[in-house]
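Enquirer: kindly generate the corresponding structure for this input.
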Amino acid sequence: MMDLPNVVDAETLLAVDVGSVHTRASLFDVVDNQYRLVATGRSLSTATTPLLDISEGVRMAMDQIQTITGRRLLDDQDGLVMPSTSQGAGVDVFVVTSSAGPRLRAVLVGLTPGVSLESGRRLATSSYLDVVEEIGLADRRRADERIDLILAARPDLILIVGGTDGGADESVLRLVEGVASAAGLRPGGQSPRVLFAGNRQLGAAIVERFADQSSVSLSPNVRPSLENEDLTSARNRMAEVIADLRSSRISGFDLMRQWSGGYVMLTADAFGRVIRHLSQAYEARKGVLGVDLGASQTTIAAAFGGDLRLTVRTDLGLGAPLPALLRSASIDTITRWLPIDTADDLVRDYIFNKSLQPQTIPMEKDELHLEFALARQLLQTALGLARAAWPKDKNGRGSQLLPAMEPILAGGGVLSRAPRPGYAALALLDSLQPTGITTLVLDPYGLTPALGAAAAVLPMVTVQVLESGSFVSLGTVVSPLGGGRAGRPVARVKLEREGQAPLEGEVRLG
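Expert: Next up is the predicted model:
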């Protein structure tokens, strides 16, 4: 991880999150013996053309913080001043998270569909991978057809799982033979990376099979036994591989590693770390839900007593992937969220324009309604897909009902820049349909990934900032569940308002 001396005594933390559209920098300092958010800066991301260098966007975001606070963060050579000086310049700790970079194509190779392949699928969908093909032991295609399939898929990464520790070996190696042959047929310099997360006794044999074709990374087994699944260690190793692949195409990652002590954390992993922490801090009988709607992906993190289920949908986002939403949702499904009648052609045009210019914001009220309609549908679709990986006893009192969650933490540009908090609250209520009693919490400054990354070196930052006023409570939601005759009174409500007369009413079933 990070090799930082005396982190316990560190007072100043700078956290940077590099996204596909925006780069955010957040400065934390000790105020009255508590870590607090001091200032934030935001710039357009420079991870894409023409610069393809994330460091430029990072420096622009840091420049904003320097202007706001008067604190010097960069030296004359545009390098980070660290550690902080007695004159009040620089920072003690720097952490960075990133979701920026191209979508990475992956081929999943495993044994049994309901065991290793299922675990491999969950591992892949917990990060920024687009699984384009799967190959399993039950695959009836000939060896040459499998080779052609891999060549046509043009994968950046081949993820291989299968075999419990000390279990199947010959069947795994048979599958790997064809994969290695395909990797060797790719043109020079285009061989895919390989991540092996299967039977740990086969690690050396897997490296030998790909020795002349691809770089191989070994990870602890995602399925050490038939009954046990362990994705955490494999997810950490996969994050390193993804970071390496992206840094080979985009400049600036090496500099960020240098500043941070050698580690760039994936945004989704940092977001999930905070959700897992909250699930351990809050009441055990409820889960904690986190949703992050970005331009290039939608992240759903659910944790139950420390058991994190993380899903990243790279095909669902309010940017380049937006047209893909039309594959799973019709125009009518989107327009049902609109308070006004809107022609289908206008909706379709908005979707494609938004995919080309994700940094644009709605200028008219009709556009605002449409953007939030798309946000509702994206969140609802992503949540439905993510729930397939949740524990079976945590899927609510029916296939469509969300289990009890406390709290629900939401982030993403469309929600944080809403003209009023009510827009964000209504979008979350419609798309997530919470049940029971829960609190909706908004992350308006995009701090959650920063706190997740900082937890490794300054755990108290995460705890103290979460309890500060940097997060916005959208309100407590009461959603009773029950049966009976429609229209029958089920609850009496009295809302006491400060300085005003109380409101009283009756809730009827349905």
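Enquirer: show the contacting residues for the closest residue to residue 209 other than its chain neighbours.
Expert: Residue nearest to residue 209 in three dimensions, not counting chain neighbours: residue 180, with 4.6 Å by C-beta to C-beta, 6 or more residues apart in numbering. C-beta coordinates here come from the backbone N, C-alpha and C atoms, glycine included. By C-beta atoms under 8 Å, 6 or more residues apart in numbering, the contact list for residue 180 reads 209-210, 213-214.
Enquirer: apply 7 Å and report the result again.
Expert: Residue 180 sits next to 209-210, 213 when contact means C-beta atoms under 7 Å, 6 or more residues apart in numbering.
Enquirer: next one: residue 155
Expert: Residues counted as contacts of residue 155 (C-beta under 7 Å, 6+ apart) are 105-107, 132, 192.
Enquirer: residue 114 too?
Expert: Contacts of residue 114 by C-beta under 7 Å, 6+ apart: none found.
Enquirer: please report the distance of residue 388 from residue 66.
Expert: Here residue 388 is placed at a distance of 46 Å from residue 66 (C-beta to C-beta, to the nearest Å).
Enquirer: ok so, going back, which members of the contacts of residue 180 occur in strands, if any?
Expert: Secondary structure assignment by DSSP state E places none of the contacts of residue 180 in strands.
Enquirer: ok, those residues vs residue 27, which is closest?
Expert: residue 210 (44.1 Å; C-beta to C-beta).
Enquirer: which ones are touching the closest one?
Expert: 180, 183, 194, 216.
Enquirer: just the buried residues of those residues.
Expert: Buried members of the contacts of residue 210, scored by 16 or more other C-beta atoms under 10 Å, are 180, 183, 194, 216.
Enquirer: out of those, who's nearest residue 157?
Expert: Nearest member of the buried ones among the contacts of residue 210 to residue 157, counting by C-beta to C-beta, is residue 194, at 7.5 Å.
Enquirer: so the closest one makes contact with residue 211?
Expert: No: shown here, residue 194 and residue 211 do not form a contact pair, counting by C-beta atoms under 7 Å, at 10.8 Å.
Enquirer: from the chain's centroid, how far away is stretch 57-75?
Expert: Chain-centre distance of stretch 57-75: 26 Å, with C-alpha atoms, centre = their mean, to the nearest Å.
Enquirer: residues of that stretch that come out buried?
Expert: Buried residues in stretch 57-75, counted by 16+ other C-beta under 10 Å: 57-66, 71, 73-74.
Enquirer: same check, this time on stretch 421-439
Expert: Buried, per 16+ other C-beta under 10 Å, within stretch 421-439: 421, 423-432, 434-436, 438-439.
Enquirer: from what I can see residue 295 touches residue 21, true?
Expert: Yes: at 4.4 Å, residue 295 counts as touching residue 21 under the criterion of C-beta under 7 Å.
Enquirer: overlap of the contact sets of those two?
Expert: Overlap between the contact sets of residue 295 and residue 21, as judged by C-beta under 7 Å, 6+ apart, is given by 319, 358.
Enquirer: in TSV, list the contacts of residue 180 along with distance to residue 234 and pLDDT.
Expert: TSV is the format used below for those (distance: C-beta to C-beta, whole Å; pLDDT from 0 to 100):
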residue	distance to residue 234	pLDDT
209	19	88
210	18	88
213	22	80
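Enquirer: and those, which is closest to residue 93?
Expert: residue 210 (37.8 Å).
Enquirer: and residue 299, what's its pLDDT?
Expert: You'll see residue 299 listed with a pLDDT of 97.
Enquirer: helix, strand or coil: sort out it for me.
Expert: The local conformation at residue 299, judged by DSSP: H, G, I helix; E, B strand; the rest coil, is strand.
Enquirer: identify the residue spatially nearest to it, adjacent ones excluded.
Expert: For residue 299, ignoring the flanking residues on the chain, the nearest one in space by C-beta to C-beta, 6+ apart is residue 292 at 4.2 Å.
Enquirer: what's the answer for residue 154, then?
Expert: With sequence-adjacent residues excluded and distances taken as C-beta to C-beta, 6+ apart, residue 154 is closest to residue 105, at 6.2 Å.
Enquirer: then residue 25?
Expert: residue 61 (3.8 Å).
Enquirer: could you pick out the longest helix of the chain?
Expert: helix 365-386 (DSSP state H).
Enquirer: before we move on, the earlier item: residue 152 is in contact with the residue nearest to residue 154, correct?
Expert: No: at 11.0 Å, residue 105 and residue 152 do not qualify as touching, with contact defined as C-beta under 7 Å.
Enquirer: burial count for residue 378?
Expert: 28 (other C-beta atoms under 10 Å).
Enquirer: now it: how far from residue 42?
Expert: Using C-beta to C-beta, residue 378 is found at 22 Å from residue 42.
Enquirer: go on, residue 333?
Expert: The gap separating residue 333 from residue 42 is 32 Å, by C-beta to C-beta.
Enquirer: those two: which has the busier surroundings?
Expert: Comparing residue 333 with residue 42 by other C-beta under 10 Å, the one with more neighbours is residue 42, at 20 against 16.
Enquirer: does the more buried one belong to a helix, a strand or coil?
Expert: Secondary structure assignment for residue 42 (three-state DSSP): strand.
Enquirer: for residue 92, see how far away it is.
Expert: The gap separating residue 42 from residue 92 is 23 Å, by C-beta to C-beta.
Enquirer: so where does the residue nearest to the spatial centre of the chain fall, helix or strand?
Expert: Taking C-alpha atoms, centre = their mean, the centroid of the chain lies closest to residue 268, which sits 2.9 Å from it. Element membership of residue 268, judged by DSSP states H and E, is helix 267-281.
Enquirer: returning to that earlier point: now what about the helix or strand encompassing the residue nearest to residue 25, what contacts it?
Expert: Element membership of residue 61, judged by DSSP H and E, is helix 54-69. In this structure, residues lying in contact with helix 54-69 by C-beta under 7 Å, 6+ apart are 16, 18, 23-25, 27, 38-39, 41-47, 72-74, 78, 100, 250, 252-253, 255-256.
Enquirer: go through the contacts of residue 210 and say which is closest to residue 481.
Expert: For the contacts of residue 210, the closest approach to residue 481 (C-beta to C-beta) belongs to residue 194, at 47.6 Å.
Enquirer: show me what that closest one is bridged to.
Expert: For residue 194, the beta-bridge partners are residue 158, residue 216 (DSSP bridges).
Enquirer: can you tell me how far it sits from residue 247?
Expert: 18 Å.
Enquirer: need the pLDDT of the nearest residue to residue 361 once chain neighbours are set aside.
Expert: Once flanking residues are discounted, residue 361 sits nearest to residue 417: 6.7 Å by C-beta to C-beta, 6+ apart. With respect to pLDDT, residue 417 scores 90.
Enquirer: okay, now residue 417: neighbour count?
Expert: 13.
Enquirer: next one: phi and psi at it?
Expert: Torsion angles at residue 417 (phi, psi; degrees, to the nearest 10) stand at phi -100, psi 20.
Enquirer: give me the number of residues near residue 219?
Expert: Quick note: residue 219 (other C-beta under 10 Å) scores 24 neighbours.
Enquirer: let's have the chain start at 897 instead
Expert: Sounds good: first residue 897 from here, last item residue 1115.
Enquirer: residues contacting it?
Expert: Residues near residue 1115 by C-beta under 7 Å, 6+ apart: 1091-1093, 1129-1130, 1133-1134.
Enquirer: cross the residues you listed against helices and list the overlap.
Expert: Members of the contacts of residue 1115 lying in helices (criterion: DSSP H): 1129-1130, 1133-1134.
Enquirer: neighbour count winner among residue 1001 and residue 1048?
Expert: The neighbour comparison of residue 1001 against residue 1048 (other C-beta under 10 Å) goes to residue 1001, with 16 against 11.
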